[in-house]
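> what follows is a protein structure lacking sequence information:
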């Protein structure tokens, strides 16, 4: 089993574009958040054609005519935590839209993920426990040396 831990979300996104099947017809694929507005966000969807991550304000991005593989109205599924630009997510769209080549019209962010990938289980899901770090878990079980 191959396991990869990336130094940054950008590296993970570029790896997905270059080495993984990013077809939305196969199910959720990796995306990177470009902007957030409440429970809606804009997401660049991993793809083989273009691994660049556009920058700028949402207004600037919307004004660009060269934007491909970007969904500007991705809804967050109920259990997805708050997001910020640069976060990695799993993005999904309706099979009918994917089949028609209109995957960026509408979609859903189904999970926030970490820049860790394995061939067996895919992208590692973000959890608040993981975000708090293992140190707090370890200290909770460690004997108290101040006694």
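Great, that's in hand. Please read these numbers as outputs of a predicted model, since none were measured by experiment. Residues are numbered from 1 along each chain as shown.
> beta partners for the most centrally placed residue in the chain?
The centroid of the chain falls nearest to residue 89 when counting by C-alpha atoms, centre = their mean (1.8 Å). For residue 89, the beta-bridge partners under DSSP bridges are residue 31, residue 112.
> quick check: it touching residue 114?
No: taking contacts as C-beta atoms under 8 Å, residue 89 lies outside contact range of residue 114: 10.9 Å. (Each C-beta comes from the backbone N, C-alpha and C, glycine too.)
> give me every residue that touches the residue nearest to the centre of the chain.
30-33, 41, 43, 80, 83, 109-113 (C-beta atoms under 8 Å, 6 or more residues apart in numbering).
> ok, residue 118 next?
Contacts of residue 118 by C-beta under 8 Å, 6+ apart are 1, 2, 3, 4, 124.
> repeat that for residue 90.
So residue 90 contacts 28, 29, 30, 31, 109, 110, 111, 113, 123 (C-beta under 8 Å, 6+ apart).
> what's the neighbour count on the third one?
Applying the criterion other C-beta atoms under 10 Å, we find 26 residues in the vicinity of residue 30.
> just the pLDDT at it, thanks.
With respect to pLDDT, residue 30 scores 97.
> distance of it from residue 48?
Taking C-beta to C-beta, to the nearest Å as the measure, residue 30 falls 12 Å from residue 48.
> anything in contact with each of these two?
Joint contacts of residue 30 and residue 48 (C-beta under 8 Å, 6+ apart) are residue 22.
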